[in-house]
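Student: how does the following fold in three dimensions:
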Amino acid sequence: MTRDQTEIEQGKASFANAWTAALHAVQVSGRAPLSARHALHAALLINQFSDIAFTLRGTLPLLDLATARDLPRFRANLRGHEPSLGLVMALSAAGADGPRLEVRVMDVAPEEFPSLSVADLMVSLYNNGTVPRLMLVQHDECEHQMQHLLQAASRWWSGNLSM
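Tutor: I've put the predicted structure just below:
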């Protein structure tokens with residue numbers, strides 16, 4: 001095996017390990033949906049995976065990702081394909097005016113009660129139809145459910161990986 005082939009194989013192994021770690025972190029975060037620490041850990045691993053994916057971009061099916069010449073262009077293209085990745089990247093950057101994580105009380109519409117977990121249903125019954133949710137809050141106070149963002153980002157990557 002040549003040195004180039006060895007480096008490619010090592011890159012693929014790193015890629016696979018990073019993806020496994022990111023998926024595991026998203027699962028752990030899903031089991032503790034109000035934990036900012038677990039959500040941030042998952043976000044950081046998805047963000048790191050995006051950087052690792054740049055090194056093997058030629059294997060990705062989307063042409064603008066496969067042909068991106070530099071990491072900033074690659075990351076911009078990712079944000080264009082999947083907005084949740086952009087929000088995860090912004091959170092990971094930890095900028096002073098970037099998004100932050102907060103637990104916020106959210107109203108539950110009566111028609112949504114059947115779709116709630118038993119635990120959320122009980123909480124909502126005792127809290128006047130509200131449940132706590134971990135939210136990614138942007139500078140303009142626009143908010144997104146963090147668990148939904150992590151799931152969307154990991155689903156997008158799952159659908160676009162070719163290892």
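Student: any chance you could map the strands in the chain?
Tutor: Per DSSP state E, the chain carries strands over the ranges 100-107, 130-137, 143-145.
Student: now the first one: buried residues?
Tutor: Meaning strand 100-107. For strand 100-107, the buried set under the neighbour-count rule, 16 or more other C-beta atoms under 10 Å, comprises residue 101. Using the backbone N, CA and C atoms, a C-beta is placed for each residue, glycine as well.
Student: where does the protein dip in pLDDT?
Tutor: For the chain, the stretches with pLDDT under 70 are 4, 7-8, 162-163.
Student: what about the longest helix in it?
Tutor: The helix that spans the most residues within the chain, counting by DSSP state H, is helix 3-31.
Student: what is that one packed up against?
Tutor: helix 36-55, helix 146-160 (3 or more C-beta pairs under 8 Å, 6 or more residues apart in numbering; DSSP states H and E).
Student: off-centre distance for the last one?
Tutor: Using C-alpha atoms, centre = their mean, to the nearest Å, the distance from the centre of helix 146-160 to the centre of the chain it belongs to is 6 Å.
Student: tilt between that helix and helix 36-55?
Tutor: Following axes from the mean of the first three to the mean of the last three C-alpha atoms, to 10 degrees, one obtains 20 degrees for the angle between helix 146-160 and helix 36-55.
Student: and helix 146-160, what's buried?
Tutor: Using 16+ other C-beta under 10 Å as the test for burial, helix 146-160 gives 146-147, 149-154, 156-157.
Student: and of the strands of the chain, who's closest to residue 50?
Tutor: Smallest distance to residue 50 across the strands of the chain (C-beta to C-beta): 16.6 Å, for strand 130-137.
Student: give me the residues contacting that closest one.
Tutor: For strand 130-137, contacts defined as C-beta atoms under 8 Å, 6 or more residues apart in numbering pick out 33-36, 39, 87, 91, 99-108, 116, 120, 123-124, 143-147, 149.
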